[in-house]
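K.L.:
3D, please:
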Amino acid sequence: MKNRNLIIVLLIIAVVILMFVGCVVGTANIGLNEAWQILLSVFTGSKHPEISQSAYYIVLNIRLPRVLMAMVSGAGLSVCGVAFQAIFRNPLSDPYVLGVSSGASLGAALAIIVGLDGVLWGVSGLSFITALATVLLIIGISSMGNRLHTTTLLLAGISINFLISALISLLMILNQQEMDRIIFWTMGSLASANFENVAITAFFVLIGVVVISLYARDLNALLLGSQTARNIGINVEKTKKIILLFSTLMIGVIVSFTGVIGFVGLVVPHIVRLSVGADNRRILPYSLLGGMLFMLVSDIVARVAIPPSELPIGSITSLIGSPIFIYLLFNAKKKLSR
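P.N.:
Below is the predicted model of the structure:
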(Lines give C-alpha, C1' and ligand atoms only; values in the text may rest on other atoms or scores of the structure.)
Protein backbone atom coordinates (compact mmCIF):
# COMPACT_ATOMS: atom_id res chain seq x y z
CA MET A 1 0.00 0.00 0.00
CA LYS A 2 2.87 2.39 0.87
CA ASN A 3 4.52 1.67 -2.48
CA ARG A 4 1.26 2.37 -4.34
CA ASN A 5 0.78 5.66 -2.50
CA LEU A 6 4.37 6.61 -3.30
CA ILE A 7 3.82 5.85 -6.99
CA ILE A 8 0.67 7.97 -7.01
CA VAL A 9 2.58 10.86 -5.42
CA LEU A 10 5.44 10.49 -7.93
CA LEU A 11 2.96 10.47 -10.83
CA ILE A 12 1.32 13.65 -9.52
CA ILE A 13 4.73 15.33 -9.18
CA ALA A 14 5.60 14.27 -12.74
CA VAL A 15 2.30 15.73 -14.01
CA VAL A 16 3.00 19.05 -12.25
CA ILE A 17 6.55 19.20 -13.68
CA LEU A 18 5.30 18.47 -17.20
CA MET A 19 2.57 21.11 -16.79
CA PHE A 20 5.30 23.65 -16.10
CA VAL A 21 7.44 22.40 -19.01
CA GLY A 22 4.37 22.65 -21.27
CA CYS A 23 3.99 26.31 -20.30
CA VAL A 24 7.66 27.01 -21.12
CA VAL A 25 8.27 25.28 -24.48
CA GLY A 26 7.05 26.77 -27.73
CA THR A 27 7.94 29.08 -30.59
CA ALA A 28 8.06 32.18 -28.40
CA ASN A 29 11.19 32.23 -26.22
CA ILE A 30 9.98 32.44 -22.62
CA GLY A 31 12.43 31.43 -19.90
CA LEU A 32 11.85 29.20 -16.91
CA ASN A 33 11.91 32.08 -14.43
CA GLU A 34 9.55 34.16 -16.58
CA ALA A 35 7.08 31.31 -16.90
CA TRP A 36 7.24 30.68 -13.16
CA GLN A 37 6.56 34.35 -12.36
CA ILE A 38 3.67 34.43 -14.83
CA LEU A 39 2.05 31.31 -13.37
CA LEU A 40 2.63 32.62 -9.86
CA SER A 41 0.74 35.79 -10.79
CA VAL A 42 -2.43 33.71 -11.18
CA PHE A 43 -2.40 33.11 -7.42
CA THR A 44 -0.87 36.40 -6.22
CA GLY A 45 -2.80 38.68 -8.59
CA SER A 46 0.25 40.88 -9.18
CA LYS A 47 2.29 41.07 -12.38
CA HIS A 48 6.08 41.25 -12.56
CA PRO A 49 7.04 44.66 -14.03
CA GLU A 50 9.95 43.29 -16.09
CA ILE A 51 7.86 40.69 -17.95
CA SER A 52 6.10 41.80 -21.14
CA GLN A 53 2.35 41.69 -21.67
CA SER A 54 2.84 39.45 -24.67
CA ALA A 55 4.64 36.85 -22.50
CA TYR A 56 1.74 36.94 -20.02
CA TYR A 57 -0.74 36.47 -22.86
CA ILE A 58 1.17 33.56 -24.44
CA VAL A 59 1.56 31.63 -21.18
CA LEU A 60 -1.85 32.30 -19.62
CA ASN A 61 -4.07 32.36 -22.72
CA ILE A 62 -2.37 29.96 -25.11
CA ARG A 63 -0.04 27.51 -23.35
CA LEU A 64 -1.80 27.04 -20.00
CA PRO A 65 -5.23 26.18 -21.53
CA ARG A 66 -3.47 23.83 -23.92
CA VAL A 67 -1.68 22.06 -21.07
CA LEU A 68 -4.92 21.74 -19.10
CA MET A 69 -6.75 20.36 -22.14
CA ALA A 70 -3.98 17.79 -22.63
CA MET A 71 -4.43 16.65 -19.03
CA VAL A 72 -8.22 16.49 -19.14
CA SER A 73 -8.45 14.76 -22.52
CA GLY A 74 -5.66 12.31 -21.63
CA ALA A 75 -7.39 11.38 -18.38
CA GLY A 76 -10.75 10.92 -20.10
CA LEU A 77 -9.47 8.86 -23.03
CA SER A 78 -7.39 6.55 -20.85
CA VAL A 79 -10.28 5.91 -18.43
CA CYS A 80 -12.54 5.19 -21.43
CA GLY A 81 -9.93 2.71 -22.62
CA VAL A 82 -10.02 0.90 -19.26
CA ALA A 83 -13.83 0.76 -19.38
CA PHE A 84 -13.95 -0.53 -22.98
CA GLN A 85 -11.35 -3.21 -22.29
CA ALA A 86 -13.33 -4.48 -19.29
CA ILE A 87 -16.72 -4.41 -21.01
CA PHE A 88 -15.52 -6.13 -24.17
CA ARG A 89 -13.04 -8.35 -22.24
CA ASN A 90 -10.36 -7.46 -24.75
CA PRO A 91 -7.07 -5.57 -24.10
CA LEU A 92 -7.14 -4.40 -27.73
CA SER A 93 -10.37 -2.43 -27.23
CA ASP A 94 -9.94 1.33 -27.44
CA PRO A 95 -12.19 4.23 -28.51
CA TYR A 96 -9.89 4.88 -31.47
CA VAL A 97 -9.38 1.27 -32.59
CA LEU A 98 -13.12 0.54 -32.36
CA GLY A 99 -13.96 3.60 -34.44
CA VAL A 100 -15.80 5.47 -31.68
CA SER A 101 -13.47 8.48 -31.86
CA SER A 102 -13.87 8.55 -35.64
CA GLY A 103 -17.63 8.38 -35.18
CA ALA A 104 -17.45 11.43 -32.94
CA SER A 105 -15.30 13.27 -35.50
CA LEU A 106 -17.93 12.56 -38.18
CA GLY A 107 -20.48 14.33 -36.00
CA ALA A 108 -18.10 17.26 -35.53
CA ALA A 109 -17.54 17.48 -39.31
CA LEU A 110 -21.30 17.45 -39.99
CA ALA A 111 -21.82 20.13 -37.33
CA ILE A 112 -19.21 22.36 -38.96
CA ILE A 113 -20.74 21.93 -42.42
CA VAL A 114 -24.32 22.71 -41.37
CA GLY A 115 -23.22 25.62 -39.19
CA LEU A 116 -23.90 24.12 -35.75
CA ASP A 117 -20.44 25.04 -34.50
CA GLY A 118 -21.83 28.42 -33.48
CA VAL A 119 -24.67 26.83 -31.50
CA LEU A 120 -24.28 25.87 -27.82
CA TRP A 121 -23.51 22.12 -27.62
CA GLY A 122 -23.84 21.95 -31.42
CA VAL A 123 -20.54 20.21 -32.16
CA SER A 124 -20.42 18.35 -28.83
CA GLY A 125 -24.03 17.19 -29.09
CA LEU A 126 -23.70 15.84 -32.63
CA SER A 127 -20.33 14.27 -31.79
CA PHE A 128 -21.93 12.40 -28.90
CA ILE A 129 -24.83 11.20 -31.06
CA THR A 130 -22.62 9.88 -33.85
CA ALA A 131 -20.17 8.31 -31.35
CA LEU A 132 -23.05 6.53 -29.58
CA ALA A 133 -24.48 5.39 -32.92
CA THR A 134 -21.05 4.00 -33.83
CA VAL A 135 -20.86 2.06 -30.55
CA LEU A 136 -24.34 0.60 -31.05
CA LEU A 137 -23.56 -0.34 -34.66
CA ILE A 138 -20.33 -2.11 -33.69
CA ILE A 139 -22.07 -3.99 -30.86
CA GLY A 140 -24.88 -4.95 -33.21
CA ILE A 141 -22.44 -6.36 -35.76
CA SER A 142 -20.30 -8.16 -33.17
CA SER A 143 -23.06 -9.65 -31.00
CA MET A 144 -23.78 -13.36 -31.21
CA GLY A 145 -26.73 -13.90 -28.90
CA ASN A 146 -25.72 -12.27 -25.61
CA ARG A 147 -22.01 -12.55 -26.36
CA LEU A 148 -19.58 -10.22 -28.11
CA HIS A 149 -17.20 -12.06 -30.43
CA THR A 150 -13.73 -10.55 -29.95
CA THR A 151 -12.42 -11.02 -33.49
CA THR A 152 -15.66 -9.73 -35.02
CA LEU A 153 -15.55 -6.77 -32.66
CA LEU A 154 -12.09 -5.70 -33.83
CA LEU A 155 -12.90 -6.30 -37.49
CA ALA A 156 -16.16 -4.36 -37.16
CA GLY A 157 -14.36 -1.48 -35.46
CA ILE A 158 -11.64 -1.32 -38.10
CA SER A 159 -14.22 -1.55 -40.92
CA ILE A 160 -16.37 1.20 -39.40
CA ASN A 161 -13.22 3.29 -38.99
CA PHE A 162 -12.46 2.99 -42.71
CA LEU A 163 -16.08 3.74 -43.61
CA ILE A 164 -16.17 6.88 -41.47
CA SER A 165 -12.81 8.04 -42.83
CA ALA A 166 -14.21 7.67 -46.35
CA LEU A 167 -17.34 9.64 -45.41
CA ILE A 168 -15.28 12.43 -43.86
CA SER A 169 -13.06 12.56 -46.98
CA LEU A 170 -16.19 12.82 -49.13
CA LEU A 171 -17.54 15.62 -46.94
CA MET A 172 -14.26 17.51 -47.32
CA ILE A 173 -14.35 17.20 -51.11
CA LEU A 174 -17.95 18.39 -51.27
CA ASN A 175 -17.31 21.24 -48.79
CA GLN A 176 -13.83 22.47 -49.63
CA GLN A 177 -14.40 25.80 -47.89
CA GLU A 178 -14.52 23.90 -44.59
CA MET A 179 -11.75 21.44 -45.48
CA ASP A 180 -9.09 22.94 -43.21
CA ARG A 181 -11.37 22.85 -40.19
CA ILE A 182 -12.45 19.27 -40.85
CA ILE A 183 -8.83 18.15 -41.27
CA PHE A 184 -8.26 19.52 -37.76
CA TRP A 185 -10.69 16.93 -36.37
CA THR A 186 -9.17 14.02 -38.26
CA MET A 187 -5.59 14.72 -37.12
CA GLY A 188 -6.15 15.97 -33.59
CA SER A 189 -4.79 19.19 -32.09
CA LEU A 190 -4.80 21.14 -28.85
CA ALA A 191 -3.98 24.46 -30.54
CA SER A 192 -7.49 25.91 -30.19
CA ALA A 193 -7.85 25.11 -26.48
CA ASN A 194 -9.22 27.86 -24.26
CA PHE A 195 -10.43 28.00 -20.67
CA GLU A 196 -14.10 27.70 -21.67
CA ASN A 197 -13.45 24.51 -23.67
CA VAL A 198 -11.30 23.12 -20.85
CA ALA A 199 -14.04 23.79 -18.28
CA ILE A 200 -16.73 22.09 -20.40
CA THR A 201 -14.52 19.08 -21.14
CA ALA A 202 -13.38 18.79 -17.51
CA PHE A 203 -17.01 18.84 -16.31
CA PHE A 204 -18.05 15.88 -18.48
CA VAL A 205 -14.79 13.98 -17.94
CA LEU A 206 -15.18 14.37 -14.17
CA ILE A 207 -18.73 12.99 -14.28
CA GLY A 208 -17.66 10.10 -16.50
CA VAL A 209 -14.63 9.22 -14.38
CA VAL A 210 -16.67 9.28 -11.16
CA VAL A 211 -19.40 7.04 -12.62
CA ILE A 212 -16.92 4.55 -14.10
CA SER A 213 -14.96 4.48 -10.83
CA LEU A 214 -18.15 3.64 -8.93
CA TYR A 215 -18.51 0.59 -11.20
CA ALA A 216 -14.86 -0.52 -10.83
CA ARG A 217 -15.79 -3.70 -8.93
CA ASP A 218 -18.48 -4.50 -11.52
CA LEU A 219 -15.87 -4.10 -14.26
CA ASN A 220 -13.70 -6.64 -12.44
CA ALA A 221 -16.64 -9.05 -12.42
CA LEU A 222 -17.26 -8.51 -16.15
CA LEU A 223 -13.68 -9.59 -16.86
CA LEU A 224 -14.66 -13.04 -15.55
CA GLY A 225 -17.50 -13.29 -18.06
CA SER A 226 -21.11 -12.14 -18.20
CA GLN A 227 -22.51 -15.34 -16.72
CA THR A 228 -20.13 -15.28 -13.77
CA ALA A 229 -20.96 -11.61 -13.17
CA ARG A 230 -24.68 -12.42 -13.15
CA ASN A 231 -24.12 -15.25 -10.69
CA ILE A 232 -22.58 -12.86 -8.16
CA GLY A 233 -25.44 -10.38 -8.50
CA ILE A 234 -24.22 -7.94 -11.16
CA ASN A 235 -26.85 -6.49 -13.50
CA VAL A 236 -24.65 -7.01 -16.56
CA GLU A 237 -26.74 -5.30 -19.22
CA LYS A 238 -27.48 -2.26 -17.06
CA THR A 239 -23.81 -1.92 -16.11
CA LYS A 240 -22.66 -2.16 -19.72
CA LYS A 241 -25.20 0.43 -20.88
CA ILE A 242 -24.25 2.91 -18.15
CA ILE A 243 -20.51 2.51 -18.77
CA LEU A 244 -20.94 2.79 -22.54
CA LEU A 245 -23.17 5.85 -22.19
CA PHE A 246 -20.77 7.82 -19.99
CA SER A 247 -17.67 6.64 -21.86
CA THR A 248 -19.21 7.71 -25.17
CA LEU A 249 -20.26 11.03 -23.66
CA MET A 250 -16.67 11.71 -22.62
CA ILE A 251 -15.31 10.69 -26.02
CA GLY A 252 -17.85 12.86 -27.85
CA VAL A 253 -17.02 15.97 -25.82
CA ILE A 254 -13.25 15.43 -25.98
CA VAL A 255 -13.24 14.85 -29.74
CA SER A 256 -15.47 17.88 -30.34
CA PHE A 257 -12.72 20.11 -28.90
CA THR A 258 -9.50 18.24 -29.73
CA GLY A 259 -10.29 16.16 -32.78
CA VAL A 260 -9.30 12.49 -33.08
CA ILE A 261 -6.39 11.56 -30.80
CA GLY A 262 -5.73 7.86 -31.09
CA PHE A 263 -4.29 5.05 -28.98
CA VAL A 264 -4.29 6.88 -25.61
CA GLY A 265 -6.93 4.48 -24.30
CA LEU A 266 -4.91 1.52 -25.56
CA VAL A 267 -1.35 2.42 -24.55
CA VAL A 268 -1.89 3.79 -21.04
CA PRO A 269 -4.19 1.08 -19.56
CA HIS A 270 -1.98 -1.64 -21.04
CA ILE A 271 1.18 -0.25 -19.42
CA VAL A 272 -0.67 0.28 -16.12
CA ARG A 273 -2.11 -3.24 -16.20
CA LEU A 274 1.38 -4.71 -16.64
CA SER A 275 2.57 -2.65 -13.65
CA VAL A 276 -0.26 -2.94 -11.07
CA GLY A 277 -2.27 -6.02 -12.11
CA ALA A 278 -5.79 -6.54 -13.39
CA ASP A 279 -7.82 -4.93 -10.58
CA ASN A 280 -9.70 -2.00 -12.15
CA ARG A 281 -9.92 -0.28 -8.76
CA ARG A 282 -6.16 0.26 -9.07
CA ILE A 283 -5.99 0.56 -12.85
CA LEU A 284 -8.42 3.51 -13.03
CA PRO A 285 -6.51 6.06 -10.87
CA TYR A 286 -3.13 5.03 -12.33
CA SER A 287 -4.54 5.25 -15.87
CA LEU A 288 -6.03 8.67 -15.16
CA LEU A 289 -2.63 10.06 -14.14
CA GLY A 290 -0.86 8.04 -16.83
CA GLY A 291 -3.17 9.48 -19.48
CA MET A 292 -2.29 12.99 -18.32
CA LEU A 293 1.42 12.21 -18.54
CA PHE A 294 1.12 10.57 -21.94
CA MET A 295 -0.76 13.52 -23.44
CA LEU A 296 1.51 16.14 -21.86
CA VAL A 297 4.61 14.40 -23.26
CA SER A 298 2.96 13.96 -26.68
CA ASP A 299 1.96 17.63 -26.78
CA ILE A 300 5.47 18.79 -25.86
CA VAL A 301 6.96 16.55 -28.58
CA ALA A 302 4.41 17.86 -31.10
CA ARG A 303 5.51 21.43 -30.36
CA VAL A 304 9.31 20.96 -30.33
CA ALA A 305 9.82 18.26 -33.00
CA ILE A 306 10.02 20.57 -36.05
CA PRO A 307 10.15 24.20 -34.83
CA PRO A 308 8.68 26.64 -35.63
CA SER A 309 6.00 24.37 -37.11
CA GLU A 310 3.82 22.07 -35.02
CA LEU A 311 2.91 18.42 -35.55
CA PRO A 312 -0.67 17.22 -34.93
CA ILE A 313 -0.74 15.54 -31.52
CA GLY A 314 -2.78 12.69 -33.01
CA SER A 315 0.18 11.73 -35.20
CA ILE A 316 2.46 11.57 -32.14
CA THR A 317 0.10 9.35 -30.12
CA SER A 318 -0.41 7.11 -33.17
CA LEU A 319 3.34 6.76 -33.74
CA ILE A 320 3.67 5.55 -30.15
CA GLY A 321 0.46 3.54 -30.03
CA SER A 322 0.65 1.66 -33.34
CA PRO A 323 3.72 -0.45 -32.43
CA ILE A 324 2.13 -1.30 -29.07
CA PHE A 325 -1.08 -2.33 -30.86
CA ILE A 326 0.96 -4.60 -33.17
CA TYR A 327 2.73 -6.05 -30.13
CA LEU A 328 -0.61 -6.84 -28.47
CA LEU A 329 -1.88 -8.48 -31.66
CA PHE A 330 1.30 -10.56 -31.85
CA ASN A 331 0.84 -11.70 -28.23
CA ALA A 332 -2.80 -12.59 -28.91
CA LYS A 333 -1.68 -14.63 -31.92
CA LYS A 334 0.86 -16.53 -29.80
CA LYS A 335 -1.78 -17.38 -27.20
CA LEU A 336 -4.14 -18.72 -29.87
CA SER A 337 -1.39 -20.89 -31.38
CA ARG A 338 -0.67 -22.66 -28.08
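
K.L.:
Can you tell me the closest non-neighbouring residue to Gly81?
P.N.:
Leaving out its chain neighbours, the residue that sits closest to Gly81 by C-beta to C-beta, 6 or more residues apart in numbering is Gly265, at 2.3 Å. Every residue, glycine included, has its C-beta placed from N, CA and C.

K.L.:
Past the helix or strand containing the one you found, which element shows up next along the chain?
P.N.:
Gly265 belongs to helix 264-276 when assigned by DSSP states H and E. Reading on from helix 264-276 to the C-terminus, the next helix or strand found by DSSP H and E is helix 280-304.

K.L.:
tell me the mean pLDDT for that next one?
P.N.:
Mean pLDDT, helix 280-304: 94.

K.L.:
still on that earlier bit, got the confidence number for the residue nearest to Gly81?
P.N.:
90.

K.L.:
Identify the residues contacting it.
P.N.:
Shown in contact with Gly265 (C-beta atoms under 8 Å, 6 or more residues apart in numbering): 77-82, 84, 94-96, 291.

K.L.:
Give me the most central residue, this structure.
P.N.:
By C-alpha atoms, centre = their mean, the mean C-alpha position of the chain lies nearest to Leu77, the distance being 2.6 Å.

K.L.:
how near is that residue to Met172?
P.N.:
With the distance defined as C-beta to C-beta, to the nearest Å, Leu77 ends up 24 Å from Met172.

K.L.:
Ile271 too?
P.N.:
35 Å.

K.L.:
How about Ile38?
P.N.:
39 Å.

K.L.:
Which one's more surrounded, those two?
P.N.:
Each of Ile38 and Met172 has its neighbours counted (other C-beta atoms under 10 Å); Ile38 has more, 22 against 18.

K.L.:
Does the more buried one belong to a helix, a strand or coil?
P.N.:
Put simply, Ile38 is helix when judged by DSSP: H, G, I helix; E, B strand; the rest coil.

K.L.:
Per-residue pLDDT of it, please?
P.N.:
Value for Ile38, per-residue pLDDT: 89.

K.L.:
Likewise for the one 4 residues further on?
P.N.:
Note for Val42: predicted pLDDT of 80.

K.L.:
Could you find the closest non-adjacent residue to it?
P.N.:
Residue nearest to Val42 in three dimensions, not counting chain neighbours: Leu60, with 7.1 Å by C-beta to C-beta, 6+ apart.

K.L.:
Could you give the backbone dihedrals for that neighbour?
P.N.:
The phi/psi pair for Leu60 (degrees, to the nearest 10) reads phi -80, psi -30.

K.L.:
Give the buried residues for stretch 208-222.
P.N.:
With burial defined by 16 or more other C-beta atoms under 10 Å, the residues of stretch 208-222 counted as buried are 208-209, 211-213, 215-216, 218-222.

K.L.:
got any ranges where the protein has weak pLDDT?
P.N.:
Applying pLDDT under 70 to the chain flags the ranges 1-2, 118-121, 144-151, 332-338.

K.L.:
So for Leu311, what's the nearest residue that isn't a sequence neighbour?
P.N.:
Distances taken as C-beta to C-beta, 6+ apart put Ala302 closest to Leu311, at 4.4 Å, once the chain neighbours are dropped.

K.L.:
sorry, back to before: secondary structure and distance to Ser101 added to the buried residues of stretch 208-222, as JSON lines?
P.N.:
Formatted as JSON lines, the buried residues of stretch 208-222 follow (DSSP: H, G, I helix; E, B strand; the rest coil; distance: C-beta to C-beta, whole Å):
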{"residue": "Gly208", "secondary structure": "helix", "distance to Ser101": "15"}
{"residue": "Val209", "secondary structure": "helix", "distance to Ser101": "18"}
{"residue": "Val211", "secondary structure": "helix", "distance to Ser101": "20"}
{"residue": "Ile212", "secondary structure": "helix", "distance to Ser101": "17"}
{"residue": "Ser213", "secondary structure": "helix", "distance to Ser101": "22"}
{"residue": "Tyr215", "secondary structure": "coil", "distance to Ser101": "22"}
{"residue": "Ala216", "secondary structure": "helix", "distance to Ser101": "23"}
{"residue": "Asp218", "secondary structure": "helix", "distance to Ser101": "24"}
{"residue": "Leu219", "secondary structure": "helix", "distance to Ser101": "21"}
{"residue": "Asn220", "secondary structure": "helix", "distance to Ser101": "26"}
{"residue": "Ala221", "secondary structure": "helix", "distance to Ser101": "27"}
{"residue": "Leu222", "secondary structure": "helix", "distance to Ser101": "22"}
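
K.L.:
the strands in this structure, which residues?
P.N.:
Assigned by DSSP state E, the chain shows strands spanning 143-144, 147-148.

K.L.:
For Cys23, see how far away Ala75 is.
P.N.:
18 Å.
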